[in-house]
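Engineer: Let's see this in three dimensions:
(2 chains)
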Amino acid sequence: MAIEHEAPGVVHRPPLETSSLRTFPWWLVAILLAIAYMVVKIVVDPTYQDAFLTIVSGLGVTIYVTIIAFVAALVIGLLAGLGRISHNIVLRNLAITYIEFVRGVPILVLIFTIAFVVVPGAVSIFGLNNSSVTLTTRAIIALSMIYGAFLAEVFRAGIEAIPRGQMEAARSLGLTNYQAMRLVILPQAIRNVLPALGNDFIAMLKDSSLVSVLGVRDLTQVSRLYASTSFRFTETYFILTFFYLVMTLVLSLLLQWYQRRLRIER
Amino acid sequence: MKRMALIVLAIMLALLTACAGGSPTGATGASPAASPATAASPSPAAAPAVTATAASGTDLPDLGGREVRIAVENAYPPFNYINPQTNQPEGWDYDAWREICRLLNCKPVFQEAAWEGLIQAVANGQYDAAADGITITPERAQQVDFSDGYIRVDQRLLARKGEKRFASMEEFVANPQLRLGTQTGTTNYETAKQLLPENRIQAFEQFPFAVQALINGDVDAVIMDETAGQGYVGTNAEQLELIGPPIKSDELGFIFPKGSDLVEPVNRALAVMRENGTLDALSKKYFSAEFKLPGSQ
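Structural biologist: The predicted structure follows:
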């Protein structure tokens, strides 16, 4: 047998790129074909067109809610992530309590709880009228608090991945703990966690559909209203799927492209 | 190859944006465009082609003890709700169907279902019938078969007690500050959509959320069927009241999958119940001003 005569240490692996047929992104073609089919349907079929024109009115709200909530979640997540690794026992336990609390409760339950219990309670403490915080705002508050906890863990992992020597070097150069974190550790950590943040952004875009339970007129809510009064369930849910798929696919490809760029740079 | 795939993607996106680009104008036109389904509502009489047989009551069909799966929401008092004291479901629909099945010799099996998609689920044959205070409309009659109407109800405005900013739907519509709550997929929502721009309507999953939002001040009124509204006033008499004249009057019926063999027997049972006063007694029990939800003061 040929293998027995070979030098020890030679590992047999299948050749990496036998042909471009193997690496060709067939999955992408399949999804793009599905999208193309929907586009054609929307262009030629008036019932699909009708559904599309109704549902598209929720696109802005979905994007708006997702982006605002994500920016807020980044801030909350960074603070909670730093608190999570803080040496201050109070900060650390506060952060861990928050993270574990949110991670232990289903998102839908949290959305209802925050929108109908927490926010009205908080508002009444300040003696304000409830309607001063709209349900869209409450949806954003809920989503950002939920994703803040997820992102806190992402930031923590990113910071902990930076070798200890970096902090030691920064401190020995005379930087304060805060300066070292801000100028040395965080810039490196954030670069590390960008792909993970991208994934969470995609996840949040999808989870933003849950705010439809509050009557926020996002893509999902507009679709539910349309389907339940027009009985065009097929058209409605195909188009709704199509919207989310196009958005997440674009984001996912951007993320892959960015990760590839990051790899080459290193 | 990757590059090719990306080019294909770019073309797709260009197509998509071309579609979406046409939409801002289209979107504003969409609400009227979407309304052919809703426009024809005010003629409930035209809906079901079921003839009310003036049954004498003696020759009711015998269903042979078969099970009838009836979808209910359990969140639409006084038709169906969970009694907070016993944790058991009860309501008009339960009483009515038990009586119908007693007359027809069938076994009612109540199944809890979400309102949204309920009509579609019945149309697909997932349930044998549904009872949820369902307004008879021609659009729905294209999806499902309706029983004869068993009650006629008005749509009214439910408001916070002592509301001074409006006393009727017209005054409500005239004030652009006011926001109206309702439930997804109801005729109340459709009525609201005909009277108000969509950004003034907040549609919730279930009426209890809408009523909670009203009490919280998120919305200024809730449009709902008077029967249901009385149920909520009964629960929250010090916080809520029904105000203004009726906005619209509709008849309610049970729904069945198209071509169901249950429609005719149920109609005959309903006719008997109408004649012998059972329906009146049920109305008195659940829809009168005296009715209060269990657990309320």
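Engineer: Pick out the residue in chain B sitting closest to chain A.
Structural biologist: Going by Cβ to the nearest Cβ, chain A is nearest to B:G185 of chain B, at 2.9 Å. C-betas here are computed from N, CA, C, even on glycine.
Engineer: Helices of the stretch 51-200 of chain A, start to end?
Structural biologist: With DSSP state H, counting those that start in this stretch as the definition, the stretch 51-200 of chain A shows helices at residue ranges A:59-84, A:89-103, A:107-113, A:119-125, A:135-160, A:164-172, A:177-180, A:186-207.
Engineer: Out of those, the one nearest B:Q155 is which?
Structural biologist: helix A:135-160 (23.1 Å; Cβ to Cβ).
Engineer: surely the residue of chain B closest to chain A meets A:S230?
Structural biologist: No: B:G185 is beyond contact range of A:S230, at 9.8 Å (criterion: Cβ atoms under 8 Å).
Engineer: which of those two has more neighbours?
Structural biologist: Set B:G185 next to A:S230 and count neighbours by other Cβ atoms under 10 Å in any protein chain shown: B:G185 wins out with 25 against 21.
Engineer: neighbours around the closest residue to the more buried one other than its chain neighbours, how many?
Structural biologist: Leaving aside its chain neighbours, B:G185 sits nearest to A:S228 (2.9 Å; criterion: Cβ to Cβ, 6 or more residues apart in numbering or on different chains). By other Cβ under 10 Å, 22 other residues sit near A:S228.
Engineer: show me the contacts for A:S228.
Structural biologist: B:E116, B:G117, B:I119, B:Q120, B:T184, B:G185 (Cβ atoms under 8 Å, 6 or more residues apart in numbering or on different chains).
Engineer: what does the stretch 51-200 of chain A put close to chain B?
Structural biologist: For the stretch 51-200 of chain A, the contact set with chain B under Cβ under 8 Å from any Cβ of the partner chain comprises A:52-54, A:56-57, A:59, A:116, A:120, A:129-131, A:134-135.
Engineer: now, which of the residues you listed sits nearest A:L175?
Structural biologist: Comparing every one of these with A:L175 (Cβ to Cβ), the shortest separation belongs to A:T134, at 44.2 Å.
Engineer: what's the neighbour count on that closest one?
Structural biologist: 15.
Engineer: For the stretch 101-250 of chain B, just list every one of the helices.
Structural biologist: Assigned by DSSP H, counting those that start in this stretch, the stretch 101-250 of chain B shows helices spanning B:118-123, B:138-141, B:169-174, B:187-195, B:207-216, B:226-235.
Engineer: which residues sit against the fifth one?
Structural biologist: This points to helix B:207-216. A:116, A:120, A:130-131, A:135, A:215, B:75-76, B:158-160, B:181-183, B:202, B:204, B:219-222, B:224, B:228, B:232, B:236, B:239-240.
Engineer: Among these, the buried ones, what's the PyMOL command?
Structural biologist: In PyMOL, a selection of the buried entries from the contacts of helix B:207-216 looks like this (16 or more other Cβ atoms under 10 Å in any protein chain shown):
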select buried, (chain A and resi 116+120+130+131+135+215) or (chain B and resi 75+76+158+159+160+181+182+183+202+204+219+220+221+222+224+228+232+236+240)
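Engineer: residue in the stretch 101-250 of chain A nearest to chain B?
Structural biologist: A:S228 (2.9 Å).
Engineer: For that residue, give me phi and psi.
Structural biologist: phi -80, psi -10 (degrees, to the nearest 10).
Engineer: Touching, A:A139 and A:I111? I think so.
Structural biologist: Yes: here A:A139 lies in contact with A:I111, judged by Cβ under 8 Å, at a distance of 7.0 Å.
Engineer: what residues do those two have in common as contacts?
Structural biologist: With Cβ under 8 Å, 6+ apart as the test, A:A139 and A:I111 both reach A:V211, A:L214.
Engineer: For beta bridges, what are the partners of B:P89?
Structural biologist: B:I82 (DSSP bridges).
Engineer: what's the neighbour count on it?
Structural biologist: Neighbours around B:P89, by other Cβ under 10 Å: 15.
Engineer: Apart from its neighbours in sequence, what residue is nearest residue 140?
Structural biologist: Unless you meant another one, I'm taking chain A. Closest residue to A:I140 apart from its sequence neighbours, by Cβ to Cβ, 6+ apart: A:A69 at 4.7 Å.
Engineer: think we crossed wires, I meant chain B
Structural biologist: B:I119 (5.9 Å).
Engineer: Run a quick neighbour tally on the residue nearest to A:I140.
Structural biologist: As a burial measure, A:A69 scores 25 neighbours (other Cβ under 10 Å).
Engineer: Let me see the contact set for it.
Structural biologist: So A:A69 contacts A:A139, A:I140, A:L143, A:S144, A:Y147, A:M204, A:S208 (Cβ under 8 Å, 6+ apart).
Engineer: As JSON lines, those residues with neighbour count and distance to B:E170 would be great.
Structural biologist: Formatted as JSON lines, these follow (neighbours: other Cβ atoms under 10 Å in any protein chain shown; distance: Cβ to Cβ, whole Å):
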{"residue": "A:A139", "neighbour count": "26", "distance to B:E170": "32"}
{"residue": "A:I140", "neighbour count": "24", "distance to B:E170": "34"}
{"residue": "A:L143", "neighbour count": "26", "distance to B:E170": "38"}
{"residue": "A:S144", "neighbour count": "23", "distance to B:E170": "40"}
{"residue": "A:Y147", "neighbour count": "26", "distance to B:E170": "44"}
{"residue": "A:M204", "neighbour count": "21", "distance to B:E170": "42"}
{"residue": "A:S208", "neighbour count": "26", "distance to B:E170": "37"}
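Engineer: now the residues you listed in JSON lines, with pLDDT?
Structural biologist: Below are these laid out as JSON lines (pLDDT from 0 to 100):
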{"residue": "A:A139", "pLDDT": "94"}
{"residue": "A:I140", "pLDDT": "96"}
{"residue": "A:L143", "pLDDT": "97"}
{"residue": "A:S144", "pLDDT": "97"}
{"residue": "A:Y147", "pLDDT": "97"}
{"residue": "A:M204", "pLDDT": "97"}
{"residue": "A:S208", "pLDDT": "96"}
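Engineer: Wait, A:I76 touches A:S144, no?
Structural biologist: Yes: counting by Cβ under 8 Å, A:S144 is a contact partner of A:I76 at 6.1 Å.
Engineer: Look up how far A:L32 lies from A:L245.
Structural biologist: 10 Å (Cβ to Cβ, to the nearest Å).
Engineer: Then B:Q206?
Structural biologist: Taken as Cβ to Cβ, the span from B:Q206 to A:L32 is 39 Å.
Engineer: same check, this time on B:M169
Structural biologist: The gap separating B:M169 from A:L32 is 49 Å, by Cβ to Cβ.
Engineer: These two: which has the busier surroundings?
Structural biologist: Neighbour comparison, B:M169 and A:L32: the larger count goes to B:M169, with 24 against 18 (by other Cβ under 10 Å).
Engineer: ok, that one - contacts?
Structural biologist: Contacts of B:M169 by Cβ under 8 Å, 6+ apart are B:L157, B:L195, B:I223, B:G244, B:I247.
Engineer: So which of the residues you listed wins on neighbours?
Structural biologist: Neighbour-wise, these (other Cβ under 10 Å) top out at B:I223, 28 neighbours.
Engineer: Show me what that residue is bridged to.
Structural biologist: With DSSP bridges applied, B:I223 shows beta-bridge pairing to B:L157.
Engineer: Does it touch B:L178 like I think?
Structural biologist: No: using Cβ under 8 Å as the test, B:I223 is too far from B:L178 to be in contact (11.7 Å).
Engineer: Show me whatever sits in contact with both of those two.
Structural biologist: In contact with both B:I223 and B:L178: no residue, using Cβ under 8 Å, 6+ apart.
Engineer: related to what we said a few turns ago, will you turn the helices of the stretch 101-250 of chain B into JSON lines that also has mean pLDDT and distance to B:K258?
Structural biologist: Listed next are those as JSON lines, based on pLDDT from 0 to 100; distance: least, Cβ to Cβ, whole Å:
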{"stretch": "helix B:118-123", "mean pLDDT": "92", "distance to B:K258": "7"}
{"stretch": "helix B:138-141", "mean pLDDT": "93", "distance to B:K258": "10"}
{"stretch": "helix B:169-174", "mean pLDDT": "95", "distance to B:K258": "34"}
{"stretch": "helix B:187-195", "mean pLDDT": "94", "distance to B:K258": "20"}
{"stretch": "helix B:207-216", "mean pLDDT": "90", "distance to B:K258": "28"}
{"stretch": "helix B:226-235", "mean pLDDT": "85", "distance to B:K258": "27"}
